[in-house]
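>>> Next one to model:
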Amino acid sequence: MNSPLVTNILQALDKLDKNFSYAVYSRAQKLMPRLKPTLVALEWSCNGLIWLAAAIILIVSNQEQSSMVPKLLIGLIVDILYVATIKALARRRRPTYANQRDQMIVASVDKHSFPSGHCSRSSYVLLFVRHYYAQSSPFFVFVVASWAAMVCTSRVLLGRHHILDCVAGVALGWINYTLQFHSFMPINYIGMFLIRSLFGSKAFNDPNDSDATDAFID
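Alright, predicted model coming up:
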């Protein structure tokens with residue numbers, strides 16, 4: 001059990017986070033008629049179901065037998081597992097000051113706020129892209145980084161999450177990437193085995209498998 005001191009600190013942090021998040025949200029409301037279409041587009045652009053479907057389609061139509069997209073699918077699935085587990089444990093409610101019923105399908109199913117799945121997914125995708133394209137296409141990495149930053153910002157402006165939810169989501173995306181590509185955990189090995197079993201025994205080859213290209217890790 002938490003000590004009274006720890007409980008008081010957590011409660012104070014929770015209150016500060018909610019107040020600051022609401023202040024950011026409320027200030028954005030004057031611009032919301034112009035901002036909301038863009039913010040909703042960003043929300044859709046990082047929707048987990050869309051990303052999973054796109055990755056599976058690319059794997060099925062893969063002609064070069066590259067392991068890059070299968071490993072993206074692995075990371076996306078593991079991200080969902082991480083987020084779902086932590087949300088079930090934390091059980092922090094979404095902000096009450098914003099209408100959550102317009103959040104596509106998610107709000108009616110997922111009422112928990114900590115951590116932000118959109119933020120964890122976008123930060124993971126950014127690090128994944130950086131892993132493969134840092135040397136060959138830095139401008140592409142910059143574009144994805146800008147997209148990821150806007151997705152995270154949109155979560156607060158739309159009132160989907162509190163700021164700490166988003167910070168935790170970004171950290172979780174970084175942890176997901178690190179464990180998949182820069183640890184001894186056999187996440188890719190197990191994931192590739194399952195993907196080969198599901199989609200056929202294609203000899204996925206990836207020259208970047210042993211590369212440590214991410215500056216945050218190396």
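>>> tell me which residues of the top helix by length along the chain are tucked away?
Using DSSP state H, we find that the single longest helix of the chain is helix 4-28. Of the residues in helix 4-28, Asp17, Lys18, Ser21, Tyr22, Tyr25, Ala28 count as buried by neighbour count, 16 or more other Cβ atoms under 10 Å. (Glycine included, C-beta is placed from N, CA and C.)
>>> With stretch 187-201 instead?
By neighbour count, with 16+ other Cβ under 10 Å as the criterion, the buried positions of stretch 187-201 are Ile187, Asn188, Gly191, Met192, Ile195.
>>> Isn't the third one up against Ile74?
Yes - look at Gly191 against Ile74 with Cβ atoms under 8 Å: they come within range, at 3.4 Å.
>>> if we can go back for a sec, can you put the buried residues of stretch 187-201 in CSV and add pLDDT and secondary structure?
Putting these into CSV (pLDDT from 0 to 100; DSSP: H, G, I helix; E, B strand; the rest coil) gives the following:
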residue, pLDDT, secondary structure
Ile187, 92, helix
Asn188, 92, helix
Gly191, 91, helix
Met192, 90, helix
Ile195, 87, helix
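>>> now for the longest helix of the chain, which elements pack on it?
In terms of contact count using 3 or more Cβ pairs under 8 Å, 6 or more residues apart in numbering; DSSP states H and E, helix 4-28 is assigned the packing partners helix 138-157, helix 163-181.
>>> helices or strands up against the last one?
Here helix 163-181 is seen to pack against helix 4-28, helix 68-90, helix 117-133, helix 138-157, helix 187-199 when contacts are counted using 3+ Cβ pairs under 8 Å, 6+ apart.
>>> Many thanks, I have nothing further to ask.
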